[in-house]
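J.: Fold the following for me, if possible:
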Amino acid sequence: MNNYIVSARKYRPASFMSVVGQRALTTTLKNAIASGKLAHAYLFCGPRGVGKTTCARIFAKTINCLTPTAEGEACNQCESCVAFNEQRSFNIHELDAASNNSVDDIRSLIEQVRIPPQIGKYKVYIIDEVHMLSQAAFNAFLKTLEEPPHHAIFVLATTEKHKILPTILSRCQIYDFSRITIKDIVEHLQYVASQENVKTEPEALNVLAQKADGGMRDALSIFDQVVSFTGGNVTYKAVIENLNVLDYEYYFKLTDHILANNIVESLLILNEILSKGFDGNNIITGIASHFRDLLLCKDPRTAELFEVGASIRDRYIATAQKCSNEFLYKAIELINESDLNYRYSRNKRLLSDLTIIRLCQLSSPQGLDDQKKKAGN
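T.: Numbering: from 1, shown residues only. As a prediction, this is how the structure comes out:
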């Protein structure tokens, strides 16, 4: 039986070119390597799963490559690259600060720093989750971080930059990693799916990308989960069923009934959604996002900001034409108010019902007049 490798590990980038969604950072690192202007300490910070540790490893491999390519990438053929790819390189040391955060751990690291590399020019020390180091460990690390041996380079990685001492920050070149866009995540998932012979629907991958919240590792983990559930045929319906995501269809039905001032049908749809196990607050925030997306789709230029499949975007554009800007402004304001009150409400079901009723009233001429008078007062 073959050993199964999860997609997040199997398709982990091995070169700067294959890193997804961080083009500016990888270009800067490649230029620094090409010009030989390497700092002694770097700080990679950003959300989880966006490529901080991956870029640190690629950086460590590339600066020690004996015959780098013309594009500034590691050759993957020299002794240094082969040792790195086979995970037996002595030039890269990784420390998980979450579990090795004491003074003794840092002192042990400092002792290693003095030893020069056997192959290649540099020894790279990657300290993950560096914000977890204790105050005493930070203080013990300061002097070495400021004046390390010429062969030592430190790459610190963290998800919480604000927890790191200013004295540490001032000694590092800081690289802020951004969340990966939905478009980039979808493209990468399509590539992985093609390699794994998995059939996918664009709308399904968009839902996965939105659920991942800008993290590629999360997206690939969810992708593996859905592939197992569907048996290799990732459809939109299968994804929303497996991930317990509310179908767009409910929002469109609800919008139609709200615009028609049909309170009874709107409340019945709300009840149907709640009976499926969805939380009332999630529904309220979902409706808010839905109306925000409708507002974006009122204009072709802002419609491009709405990152979904083409078929769903067309449906949003068609529905947006039925809504006036004034109605959408008032609806979003009303739902935002309900969202703020939800946590403190004793009868949360009543608040959800009342929100739907008030939205229906908005669509009537009298409702909009009342809102104008309220705003005037």
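J.: use CA for all of it now, contacts and neighbours both
T.: Fine.
J.: tell me the domain ranges of the chain?
T.: Taking automatic domain parsing as the reference, the chain has its domains at 7-176, 182-242, 248-376.
J.: and the shortest one, how far apart are its ends?
T.: Meaning domain 182-242. End-to-end span of domain 182-242 (CA to CA, to the nearest Å): 20 Å.
J.: do stretch 34-46 as well
T.: OK, stretch 34-46 end separation, CA to CA: 25 Å.
J.: Using PDB, write down the CA coordinates of stretch 348-365.
T.: The C-alpha trace of stretch 348-365 is given here as PDB (Å, rounded to 0.1, in the frame of the first residue of the first chain):
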ATOM      1  CA  LYS A 348     -32.100  35.500  19.400                       C
ATOM      2  CA  ARG A 349     -34.800  33.800  17.300                       C
ATOM      3  CA  LEU A 350     -37.100  36.800  17.700                       C
ATOM      4  CA  LEU A 351     -34.200  39.100  16.700                       C
ATOM      5  CA  SER A 352     -33.600  37.000  13.500                       C
ATOM      6  CA  ASP A 353     -37.300  37.100  12.600                       C
ATOM      7  CA  LEU A 354     -37.600  40.800  13.300                       C
ATOM      8  CA  THR A 355     -34.500  41.500  11.100                       C
ATOM      9  CA  ILE A 356     -36.200  39.700   8.200                       C
ATOM     10  CA  ILE A 357     -39.500  41.500   8.800                       C
ATOM     11  CA  ARG A 358     -37.800  44.900   8.800                       C
ATOM     12  CA  LEU A 359     -35.900  44.000   5.600                       C
ATOM     13  CA  CYS A 360     -39.300  43.200   3.900                       C
ATOM     14  CA  GLN A 361     -40.700  46.500   5.100                       C
ATOM     15  CA  LEU A 362     -37.800  48.300   3.600                       C
ATOM     16  CA  SER A 363     -38.800  47.200   0.100                       C
ATOM     17  CA  SER A 364     -42.200  49.000   0.400                       C
ATOM     18  CA  PRO A 365     -42.400  52.700  -0.500                       C
END
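J.: which residues make contact with that stretch from outside it?
T.: 257-263, 266-267, 270, 280-281, 284, 327, 330-331, 334-335, 338, 342, 345, 367-368, 371 (CA atoms under 8 Å, 6 or more residues apart in numbering).
J.: any idea how far Tyr342 is from the residue nearest the centre of the chain?
T.: Centrality entry for the chain: nearest residue to the mean C-alpha point is Gly214, 1.7 Å, by CA atoms, centre = their mean. As judged by CA to CA, Gly214 and Tyr342 stand 27 Å apart.
J.: If anything else comes up later, I'll come back, but that's it for now.
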